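Colleague: Can you look at this prediction? I've put the sequence above it.
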Amino acid sequence: MSTAHTRRFAPAFNQTTLVILAGALILSAAMGIRQTFGLFIGPFSFDRGLPVTLIAFAIALHNLVWGFAQPFAGAAADRYGSTPVVAFGATTFAAGLGLSAVAPGGATLIVGMGLLVGIGVSCTTFGVVLPAVGRIASAQKRSVAMGLVSAGGSAGQVLLVPFAQGVRLHAGIAASLLALAFLMLLVAPLGMVLDRRPQVGTPVQPPPAAPLGQVLAQAARHRGYRLLTLGFFTCGFQLAFIATHLPEYLTLCHMPLGLGATALALIGLFNMAGSWGCGWLGGRFRQHHVLGWLYLIRSATIGTFFVLPKTSASVVIFAAVMGLTWLGTVPLTSGLVAKVFGTRHLGTLFGMCFLSHQLGSFLGAWLGGLVFDLTGSYSLLWEATVLAGLFAAMLHFPIDDRALSAPGAGSKSVSA
C-alpha cells in the first residue's frame, strides 16, 4: 500500500521540484543581472561622460517598462504557456544588455537598458514564473513553493553582482555587460520546464475559470486588491532606490571601494533565507498581516541606518536585515492574489498589481538621481523610503483576504 502510494505521488513531487528549480534559475539570471545596474552608474558617468540623472533615468525606465509590460507578459503566459514568453524575454533582455555595452550616448543606453531590458524582465521574472509555480503546487504548499522559487532566485544576486564587478574592473563596462547578456541567453529554454503540469493522480484544485474580463472587473471592485496594489508601490520604491543608489551613497560616505557591491551581494544572500521564510510564514499566518509587519521592519531598518554613523559593520548589518525583507513581499503578494481569485488568471492579476510596484521602482531609481543632482545628497529619498514603508503597513493590515466563493461572486464578497 505504502509503495503504491509513494509511486503515485513521486512523479507529482518531481514535476513540482523541476518547476521550482527552473523558476529559480530563470529568476536568478534575470533578477541577479538587473541588480548589477547600480554598479555601472559611476563608470558610465566617468568613462562615457553621461550625467547621473540620465543613467538613473535609463535604469528607472526599465522598471517602468517592466511594470507596463508585465500584465501583457502574464496574460500571454496564461494563454500560450511560459515557453515562448521566457524565450522571447531572455533574448530581448540579452539584446538590451548588448546594446548598452556598446552605447555611444544616452539615447542608445535608454533604448537598451531602459526599453529592451524592461520588456525582457517582464517575461522572465515573477509575473510569469510564480503563476507557473502556483498552478502546479497545491493550495496548502503554494506560499512555501513561491517562497522557495523567490529564495532560489536570489542566488543570482549573490553570484552575479560580484561577477559583474570583477569583469568590469578587469575588462571594462562593455565586457561585463556582454558577459551578462550571454548568461541571460542560457536560461531561454527553461520556459519549457515551467509548462509542466501535474500528472494524473496529483491532488490539484482546478476550479471553473471565469472569463478574464469578469475577473478583472472583480479585482477592480475588490477593496483588498486595491489596497494590496497600492501598497506594492512602496516595495518597488524602496528596493529600486536602494539597489540603484546604495553603492554611490556609500562612496559619498567615504566607505571602502567595493563595499557597495558587497552590500548588494549580502542583500541577495540574506534574501534567500528571507524569501523562503516569508513564504513559510505566509503558509501559517494571514499573508497580509505578514506583509504589514515586513514593511514596518523595513522602515525601522532604513531609518536606523540613515541616522547612525556609517561604518563597514553598519552597512553589513543593514544589508543583512534588508535582505531578510527584500523580496519576501513577492510570494506573499502573489499568494494572496491566488488565494482570493484562484490561479487561472494569476499571471494577469499579479501583473496588474505588479505595475504599481514598478511605478514605485521607476520613481525610486529616477528620483534618487534627480534629487542627488539637485541637492548633492540622497537624504530626502532616504526619509521618503521610511515614510512610504509606514504608509504601506497601514494599508495591508485591514485587507480582507477571503477567497471569492465562485467565479462571478456577488458584490458582497468582492467589495468587502
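Modeller: Cool, the structure landed. Numbering: from 1, shown residues only.

Colleague: going forward, measure contacts and count neighbours with C-alpha atoms only.
Modeller: Noted.

Colleague: which parts of stretch 351-358 are buried?
Modeller: Gly351, Met352, Cys353, Phe354, Leu355, Ser356, His357, Gln358 (16 or more other Cα atoms under 10 Å).

Colleague: for the one helix or strand Ala69 maps to, what is the average pLDDT?
Modeller: Using DSSP states H and E, Ala69 falls within helix 52-80. Averaged over helix 52-80, pLDDT sits at 84.

Colleague: Same question for stretch 339-358.
Modeller: For stretch 339-358, mean pLDDT rounds to 81.

Colleague: Can you give the distance from it to the centre of its chain?
Modeller: 13 Å (Cα atoms, centre = their mean, to the nearest Å).

Colleague: Now do the helix holding Ala69: which elements does it pack against?
Modeller: helix 41-48, helix 82-101, helix 106-109, helix 117-124, helix 126-136, helix 223-252, helix 346-375 (3 or more Cα pairs under 8 Å, 6 or more residues apart in numbering; DSSP states H and E).

Colleague: Out of those helices, point me to the one whose mean pLDDT is lowest.
Modeller: Across the helices and strands packed on helix 52-80, the lowest-scoring stretch is helix 41-48, with a mean of 77.

Colleague: Using CSV, list the CA coordinates for that helix.
Modeller: As requested, the backbone C-alpha atoms of helix 41-48 are provided in CSV (Å, rounded to 0.1, in the frame of the first residue of the first chain):
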residue,chain,number,x,y,z
ILE,A,41,26.3,54.4,-12.6
GLY,A,42,29.8,55.7,-11.7
PRO,A,43,31.6,54.1,-14.6
PHE,A,44,29.1,55.3,-17.2
SER,A,45,29.3,58.8,-15.7
PHE,A,46,33.2,58.9,-15.6
ASP,A,47,34.1,56.8,-18.6
ARG,A,48,31.5,57.9,-21.0
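
Colleague: got the angle between it and helix 52-80?
Modeller: For helix 41-48 against helix 52-80, the angle by axes from the mean of the first three to the mean of the last three Cα atoms, to 10 degrees is 120 degrees.

Colleague: Helix 41-48 packs against which elements?
Modeller: Secondary elements touching helix 41-48 (3+ Cα pairs under 8 Å, 6+ apart): helix 52-80.

Colleague: how far does the helix it packs on sit from the chain's center?
Modeller: For helix 52-80, the separation from the chain centroid amounts to 11 Å (computed by Cα atoms, centre = their mean).

Colleague: mind listing what's buried in it?
Modeller: Applying a neighbour-count criterion of 16+ other Cα under 10 Å, one finds 52-78 buried in helix 52-80.

Colleague: now swap in stretch 252-267 and tell me
Modeller: Using 16+ other Cα under 10 Å as the test for burial, stretch 252-267 gives Met255, Leu259, Gly260, Ala261, Thr262, Ala263, Leu264, Ala265, Leu266, Ile267.

Colleague: In contact with the last one: list those residues for me.
Modeller: Going by Cα atoms under 8 Å, 6 or more residues apart in numbering, Ile267 touches Gln157, Val158, Ala319, Ala320, Val321, Met322, Gly323, Leu324, Trp326.
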